[in-house]
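Chemist: next comes the sequence, and after it the predicted model I'd like to discuss.
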Amino acid sequence: MSSEGLRGLLAMNAALSVALIAVLLLRGPLRRHFGAEVAYTSWLLVPLTAAAALLPTGSGGAYRVLFDVSRGATAVRVLQASSDAIAGWPGLPLLALWSCGAVVTALLFTAQQRRFARAPGRPLRGRLREGRAGPCVVGLLRPCIVLPIAFRWRYSRRERRLILAHEIAHLRGGDLHANAVGALLRCLFWFNPLLHLACARFRLDQELACDARVLARFPEARRSYAGAMLKTQLDDSSATDGTGPLGCGWRNPHPLKERIAMLHSPLPTRPLRLGGRLVVAVFGVATAAAVWAAQSGVIAREGFVDAKVTLRSGDFAHTARMINPFGESLLVTASSDGQVWQAEFTARPESAGAIRLSAGVQRDNDVVATPEIVLRDGEAGGISVDGVGGKSGLAVELLLRRSDGVVPKDWPASTHR
């Protein structure tokens, strides 16, 4: 894994952690004021914020505007600092460690899912099936509803109807796919304990949101619904190891007290739910913007690079000095001996006060070299490219320093001789 790939993974982990903390803090107030469905919707912020860490960074004016925004993203900056420190470690051992953890986690989830699939049961009509883990829904490609053993005799007619409505609500709400995304994130970021701890809260909010959808359809059936919950939880014949990481089931370890308590709460009105979703959307955009700002070349924490670049070819020399944000490219050109040289540089901070410079050198619009060089702050370095056909080559002299972005008034942007 390259340093850029490792840094991208750790950047996503930092953004993921920030979103998890925000959702865990907000889910309770959101449920009390806007209902269980809005609280469950807020979990979308987790994968979306993680994806925002990989969005292309801005440049120019956008860079400088977001610099001010990212000053407030303290949590993002702290997590990003730790991510960059880890990214400075040797890449191959970290890749091996991450790969082993991801594979082991995926194998554990696969074993759990297969254990459920091998549980005794028999098919019923259509996509109904009888099994010890019911009632639940399972299956991404061919979803089916698993009903408890002796379903017809254990539950009243109204309770059976409510249970089926609950499982159908899971299917229509896309909850199986949401669980699959959660399992994928837990495999990729297996080293993040916060993600595993938050999984139980996510599954509870999923069940509460499903309960709310059923109650909205059957508002008069609260007592029967509570009775169906109690019968399922007290059923000794049901499986106790749940439905695996992908299924949605009543026998998963959900606090029954919270589900019963919600049955006594009035359901929010439709305008209130829409307002809650708007609040979640606005908060999500703000969180993603803060994460993206912090990821935009580590501006919020690292600042700018003061680069002095000299191109020498034959008797010609061109010196340019620029102050650019980290991650923003800078271009220097020179002409000599009938050749046009272009050198494009991108500076990024490394750990221990070093600066990594990635370069792309072109001769007459043909790429001839793509070197990388790591220099300590204030250290001089160089790159050379041989000439062809008896023509002069190119020598690049570099001097890099960290900067606060302020350009002295009497300092010329470039000199040419």
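Modeler: Nice, thanks for sending it over. Quick caveat: nothing in here was measured; it's all calculated off a predicted structure.
Chemist: please, which helix or strand holds the most centrally placed residue in the chain?
Modeler: The residue lying closest to the centre of the chain (CA atoms, centre = their mean) is residue 50, at 1.8 Å. Secondary structure here is read from DSSP states H and E; on that basis residue 50 sits in helix 45-52.
Chemist: where does this structure have low pLDDT?
Modeler: 1-6, 56-92, 117-121, 236-242, 251-255, 293-302, 351-352, 405-417 (pLDDT under 70).
Chemist: that older thread, what's near enough to touch the residue nearest to the centre of the chain?
Modeler: Contacts here follow CB atoms under 8 Å, 6 or more residues apart in numbering; on that basis residue 50 touches 12, 13, 15, 16, 19, 185. Where you see a C-beta, it was placed from the backbone N, CA and C, and this is true even at glycine.
Chemist: rerun that using 10 Å as the cut-off
Modeler: Taking CB atoms under 10 Å, 6 or more residues apart in numbering as the definition of contact, the neighbours of residue 50 are 11-20, 185, 188-189, 288, 291.
Chemist: how about residue 266?
Modeler: Shown here is residue 266, whose contacts under the criterion CB under 10 Å, 6+ apart are 35, 215, 219.
Chemist: hang on, the earlier thing: closest one to residue 354 out of the contacts of residue 50, please.
Modeler: Checking those against residue 354 with CB to CB, the nearest one is residue 11 at 18.6 Å.
Chemist: show me which residues of the strand or helix carrying residue 356 are buried.
Modeler: Using DSSP H and E, the element containing residue 356 is strand 354-363. Judged by neighbour count using 16 or more other CB atoms under 10 Å, the buried positions of strand 354-363 are 355, 356, 357, 359, 360, 361, 362, 363.
Chemist: the nearest residue to residue 314 once chain neighbours are set aside: neighbouring residues, count only.
Modeler: Take residue 314 and drop its neighbours on the chain: the residue closest to it by CB to CB, 6 or more residues apart in numbering is residue 392, 3.7 Å away. Residues lying near residue 392 (other CB atoms under 10 Å) number 18.
Chemist: got it, and residue 214?
Modeler: Around residue 214 sit 20 other residues, with neighbours defined as other CB under 10 Å.
Chemist: what does the one 3 residues further on give?
Modeler: Counted by other CB under 10 Å, the residues lying close to residue 217 total 11.
Chemist: for it, give me its contacts.
Modeler: If a contact means CB under 10 Å, 6+ apart, then residue 217 has 162, 165, 169 as its contacts.
Chemist: which residues does the helix or strand containing residue 137 contact?
Modeler: Per DSSP H and E, residue 137 falls inside strand 136-138. When contacts are taken as CB under 10 Å, 6+ apart, the neighbours of strand 136-138 outside the stretch itself are 113, 116-117, 127, 129, 131, 143-148, 166-171, 175-176, 179, 210, 232, 238-239, 242-244, 246-252.
Chemist: which of the buried residues of strand 354-363 sits closest to residue 157?
Modeler: Out of the buried residues of strand 354-363, the one with the shortest distance to residue 157 is residue 356. That distance is 69.0 Å, counting by CB to CB.
Chemist: in the sheet, who's paired with the closest one?
Modeler: Following DSSP bridges, residue 356 is listed with bridge partners residue 348, residue 374.
Chemist: ok, it touching residue 347?
Modeler: Yes. With contact defined as CB atoms under 10 Å, residue 356 reaches residue 347; the gap is 7.1 Å.
Chemist: overlap in contacts of the two?
Modeler: Here residue 356 and residue 347 share the contacting residues 326, 375, 400, scored by CB under 10 Å, 6+ apart.
Chemist: for PyMOL, what selects the buried ones among the residues you listed?
Modeler: Here the buried members of the shared contacts of residue 356 and residue 347 are turned into a PyMOL selection, burial being counted by 16+ other CB under 10 Å:
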select buried, resi 326+375+400
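Chemist: among the shared contacts of residue 356 and residue 347, which one sits closest to residue 104?
Modeler: Closest approach between these and residue 104, by CB to CB: residue 326, at 35.6 Å.
Chemist: for that closest one, give me phi and psi.
Modeler: Note on residue 326: its backbone torsions stand at phi -60, psi 130 [degrees, to the nearest 10].
Chemist: quick check: it touching residue 306?
Modeler: No. Between residue 326 and residue 306 no contact is recorded; they are 11.2 Å apart, counting by CB under 10 Å.
Chemist: give me the common contacts of these two.
Modeler: Counting by CB under 10 Å, 6+ apart, the common neighbours of residue 326 and residue 306 are 347, 402, 403.
Chemist: restrict these to the buried ones and give me that as a PyMOL selection.
Modeler: Here is the PyMOL command that picks out the buried ones among those, judged by 16+ other CB under 10 Å:
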select buried, resi 347+402+403
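Chemist: and residue 113, helix, strand or coil?
Modeler: The three-state label given to residue 113 by DSSP: H, G, I helix; E, B strand; the rest coil is helix.
Chemist: kindly report the same for residue 134.
Modeler: The local conformation at residue 134, judged by three-state DSSP, is coil.
Chemist: how far away is it from residue 175?
Modeler: Look at residue 134 and residue 175: by CB to CB, to the nearest Å, they are 16 Å apart.
Chemist: again, but for residue 387
Modeler: For residue 387, the distance to residue 175 equals 64 Å [CB to CB].
Chemist: neighbour count for the two, which is higher?
Modeler: Between residue 387 and residue 175, counted using other CB under 10 Å, residue 175 has the larger neighbour count: 23 against 16.
Chemist: close enough to count as contact, that one and residue 208?
Modeler: No. Assessed by CB under 10 Å, residue 175 is found out of contact with residue 208, at 11.9 Å.
Chemist: show me whatever sits in contact with both of those two.
Modeler: Taking CB under 10 Å, 6+ apart as the contact criterion, the residues that touch both residue 175 and residue 208 are residue 40.
Chemist: direction included, what does the strand holding residue 137 pair up with?
Modeler: Sheet pairing of strand 136-138 (DSSP bridges) gives strand 144-147 (antiparallel), strand 248-249 (antiparallel).
Chemist: show me what the shortest one is in contact with.
Modeler: Going back to what we said before, that points to strand 248-249. Applying CB under 10 Å, 6+ apart, the set of residues contacting strand 248-249 from outside is 116, 131, 133-138, 143, 146, 166-167, 169-171, 173, 175-176, 178-179, 203, 206-207, 210, 232, 238-239, 242-243.
Chemist: right, and the helix or strand after it?
Modeler: Scanning forward in sequence from strand 248-249 by DSSP H and E, the next helix or strand is helix 256-263.
Chemist: quick one, the helix or strand following that following helix and helix 45-52 angle?
Modeler: Of the helices and strands lying after helix 256-263 in sequence (DSSP H and E), the nearest is helix 270-295. Orientation note: helix 270-295 sits at an angle of 30 degrees relative to helix 45-52 (axes from the mean of the first three to the mean of the last three CA atoms, to 10 degrees).
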